[in-house]
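Peer 1: Structure, please.
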Amino acid sequence: MRYFLRILDGSGTRAASFNPRLSEMGLDSIARPPGPMTLGRQLKIALDETRLLILGAQVLFGFQFNGIFQQLFDELPFVARALCCAGLTLLMLSLGLLIAPSMEHRISERGQDSPRVLVLATVFGGLALLPIALALAFDLFVAMERIAGATASIVAAAGFFTLSMVFWYALEFLLKRKKPPMPEAEPTPIETQVDQLLTEARVIIPGAQALLGFQLTVVLTRVFEQLPSTSKAAHAAALCCIALAVILLMAPASLHRLAFGGQDDAEFLKIGSVFVVLAPIPLALGIALDTYVAAGRALESQMGAVVLASVAILALSVLWYAFPLWKRMTQRRGRPWAPSSTRR
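Peer 2: Numbers count the residues shown, from 1 in each chain. The predicted structure follows:
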């Protein structure tokens with residue numbers, strides 16, 4: 001037992017790594033300090049963390065749409081309704097930021113591990129937390145105002161926003177350690193590429209998942225019956241777009257299991273990448289169309305709805321496609337000597 005205590009408290013790390021009794025017990029590896037993480041493992045962890053953030057924002061994203069179509073929403077003051085629209089826009093922005101590194105990895109780097117994508121995932125993940133914190137504060141303000149009045153709602157919103165800033169930013173800066181040198185990029189093994197491809201599909205699908213549930217249930221409400229025909233048509237188009245996005249994002253898992261028996265295969269990687277790259281197109285269109293529907297009801301302004309929908313489709317298009325495609329073109333011009341085998 002004393003060997004474990006010396007290992008855990010850090011005082012006997014070096015001695016324990018050479019202790020023959022630990023070696024006989026097969027526990028000598030416990031005392032060894034961890035080696036440097038490979039670029040592929042760092043990128044996989046970054047994608048998993050991004051998925052965790054999206055899952056956290058998923059509930060708020062669904063509430064933003066669903067809450068606007070509740071019957072008592074009309075009784076809210078204009079400020080509360082405006083905050084709901086602001087929260088919807090903020091969560092749309094955070095969703096765009098969180099999905100952007102996956103699109104960059106898939107389009108610009110063609111699934112290869114890249115230090116630039118790792119940095120992008122870190123920066124965009126940090127930036128996405130701020131609009132999530134603001135949207136959470138806005139939603140708490142709206143909910144608490146209905147329960148306990150204006151003063152309690154302001155205190156709750158400010159308190160939880162402060163907690164978010166402390167736990168999501170301040171604590172990280174206090175505990176931040178010196179970063180080790182960034183590992184060099186090497187050709188990514190196919191098994192790592194397949195793992196990352198499936199992870200990226202899991203990163204994107206929660207946004208479509210949250211929206212699809214709202215879209216299917218809202219048509220059963222009386223509020224939806226009162227919408228103008230243009231809003232109903234926009235919602236129908238958005239519903240089709242999100243359903244298509246879900247089908248495309250589920251296709252790689254089905255393809256990998258049923259057609260390729262779960263085996264790592266270069267052909268699956270090519271086909272699965274096409275599905276993952278195409279899926280955000282209908283996802284962005286569906287988000288923009290339903291933003292138009294929700295904002296039109298919340299703000300009671302056709303112009304405001306058009307502006308917010310236009311901002312949504314423009315921001316998502318730039319983050320998910322324009323920037324990765326531009327980066328891919330500049331990389332081609334800047335590195336014409338790069339062997340094609342390392343880019344596949």
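
Peer 1: Low-confidence regions, the stretch 101-250 of the chain specifically.
Peer 2: Per-residue confidence of the stretch 101-250 of the chain (counting by pLDDT under 70) places the weak regions at 180-185.

Peer 1: residue ranges for the helices of it, please.
Peer 2: 115-148, 150-165, 171-175, 190-218, 222-225, 229-254 (DSSP state H, counting those that start in this stretch).

Peer 1: and the nearest residue to Phe260 once chain neighbours are set aside, what element?
Peer 2: Distances taken as C-beta to C-beta, 6 or more residues apart in numbering put Phe268 closest to Phe260, at 4.8 Å, once the chain neighbours are dropped. Heads up, the C-betas are built off the backbone N, CA and C, glycines and all. Per DSSP states H and E: Phe268 is located in helix 266-278.

Peer 1: Mind listing residues that contact that helix?
Peer 2: For helix 266-278, contacts defined as C-beta atoms under 8 Å, 6 or more residues apart in numbering pick out 102-103, 106-107, 110-111, 190, 193-194, 197-198, 200-201, 204, 248-249, 251-252, 255-256, 259-260, 344.

Peer 1: at 6 Å instead, please
Peer 2: Residues external to helix 266-278 that are found in contact with it (C-beta atoms under 6 Å, 6 or more residues apart in numbering): 106, 193, 197, 200-201, 248, 251-252, 256, 260.

Peer 1: same thing with stretch 242-254?
Peer 2: Defining contact as C-beta under 6 Å, 6+ apart, one finds that stretch 242-254 is touched by 201, 204-205, 208, 211-212, 272, 275, 278-279, 282-283, 286.

Peer 1: Go ahead and flag the most central residue of the protein.
Peer 2: Among the residues of the chain, the one closest to the centroid is Leu98, at 3.5 Å (C-alpha atoms, centre = their mean).

Peer 1: That one: which element?
Peer 2: According to DSSP H and E, Leu98 maps onto helix 78-103.

Peer 1: now for that helix, which elements pack on it?
Peer 2: Other helices and strands packing on helix 78-103, by 3 or more C-beta pairs under 6 Å, 6 or more residues apart in numbering; DSSP states H and E, are helix 39-68, helix 115-148, helix 190-218, helix 280-299, helix 302-317.

Peer 1: of all these, which gets the most neighbours per residue?
Peer 2: With neighbours defined as mean count of other C-beta atoms under 10 Å, the helices and strands packed on helix 78-103 peak in mean count at helix 280-299, which reaches a mean of 25.

Peer 1: what separates the spatially closest residue to Leu325 that is not a sequence neighbour from Ala305, distance-wise?
Peer 2: For Leu325, the nearest residue in space outside its immediate sequence neighbours is Ile107; the separation is 6.2 Å by C-beta to C-beta, 6+ apart. Here the criterion is C-beta to C-beta, to the nearest Å. By it, Ile107 lies 30 Å from Ala305.

Peer 1: Please apply the same query to His235.
Peer 2: Taken as C-beta to C-beta, the spacing of His235 relative to Ala305 amounts to 12 Å.

Peer 1: do Ala135 as well
Peer 2: Ala135 is 19 Å from Ala305, where distance means C-beta to C-beta.

Peer 1: same check, this time on Ser164
Peer 2: For Ser164, the distance to Ala305 equals 29 Å [C-beta to C-beta].

Peer 1: try Ala157
Peer 2: Separation of Ala157 from Ala305 (C-beta to C-beta) stands at 25 Å.

Peer 1: what does Ile54 give?
Peer 2: Using C-beta to C-beta, one gets 25 Å for the distance from Ile54 to Ala305.

Peer 1: Tell me which of the helices of the stretch 101-250 of the chain approaches Ser94 most closely.
Peer 2: With C-beta to C-beta as the measure, helix 115-148 is the member of those nearest Ser94 (4.1 Å).

Peer 1: What average pLDDT does the helix holding Phe268 get?
Peer 2: When pLDDT is averaged along helix 266-278, the result is 94.

Peer 1: roughly how far is it from the heart of the chain?
Peer 2: Average the C-alpha atoms of helix 266-278, do the same for its chain, and the two points are 20 Å apart (C-alpha atoms, centre = their mean, to the nearest Å).

Peer 1: Then stretch 318-329?
Peer 2: Its chain's average C-alpha position is 17 Å from that of stretch 318-329, according to C-alpha atoms, centre = their mean.

Peer 1: What residues sit buried inside that stretch?
Peer 2: With burial defined by 16 or more other C-beta atoms under 10 Å, the residues of stretch 318-329 counted as buried are 319-321, 323-324, 327.

Peer 1: swap in stretch 158-172?
Peer 2: Along stretch 158-172, the positions that meet the burial threshold by neighbour count (16+ other C-beta under 10 Å) are 160-161, 164.
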